[in-house]
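Student: Mind looking at a prediction? Sequence and model below.
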Amino acid sequence: KGAKPQGRKGKKLVLLSYHVFLASLRPCARALNSNSFTASPTTKLVTENATFMNENEISKVIVSSAIEVHRTLGGPGLLESVNEEALVWELSQIGLTIQRQKLLPIRYKGQLLATPLRIDLIVNELVIVECKSTSKYADVFEAQALTYLRLTGLRLAIVINFGERLVKDGIHRVVNDL
């Protein structure tokens, strides 16, 4: 609805309410079943300013997109990879950049370990997203996300458990000096 006076690199940021985001994502959901995508004016605003969004603004878009994915695909019961792919599609349509299954090399006492960690998603090089699809949420998911934040130097991770009946109950923010 409004604009923030200054953002990264002096560009104006468009701040939209949660409901406006949901409304703008409905065309994305319909496009899952068609071959074309028609962006609403709101989606275009987000797309034009996606590069200049901060962690909190990106997280709002991620949460809205996760809810849309869960609603469109019919709720829990699907593999993590299916939900992840649909979430990547949603976020890409909005104009966010996504790195999927990013390998994170690990150093131990100066030695590079042979097995790197694998981060599900990194959105706009600012927010880590860990997708889960389990009936029971475990605290270790947050510990894992915090470890990823510390190793990458990023400040925000979102753990999304698509296995919940209501995905909003499975969304957890993990912060590192934010």
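Tutor: Done, it's in.
Student: And for the residue nearest the centre of the chain, nearest residue in space, chain neighbours not counted?
Tutor: Closest residue to the average C-alpha location of the chain: I62 at 3.9 Å, with Cα atoms, centre = their mean. In space, and not counting its chain neighbours, I62 is closest to I158: 5.6 Å by Cβ to Cβ, 6 or more residues apart in numbering. (Glycine included, C-beta is placed from N, CA and C.)
Student: List the beta-bridge partners for that neighbour.
Tutor: Beta-bridge pairing for I158 (DSSP bridges): V129, R173.
Student: Quick one: residues contacting it.
Tutor: When contacts are counted by Cβ atoms under 8 Å, 6 or more residues apart in numbering, I158 touches S59, I62, V63, V127, I128, V129, E130, A145, I171, H172, R173, V174.
Student: Nearest to E90 among those residues?
Tutor: Closest to E90 out of the contacts of I158 is I62 (9.0 Å), distances taken as Cβ to Cβ.
Student: Let me know the secondary structure of the closest one.
Tutor: helix (DSSP: H, G, I helix; E, B strand; the rest coil).
Student: and the residue nearest to the centre of the chain, what does it touch?
Tutor: Counting by Cβ under 8 Å, 6+ apart, I62 has contacts L87, L91, V123, V127, V129, I158, I160.
Student: hang on, the first one packs against V69?
Tutor: Yes: distance between L87 and V69: 5.2 Å, which falls inside the contact criterion (Cβ atoms under 8 Å).
Student: So between those two, which is more surrounded?
Tutor: V69 (28 against 25; other Cβ atoms under 10 Å).
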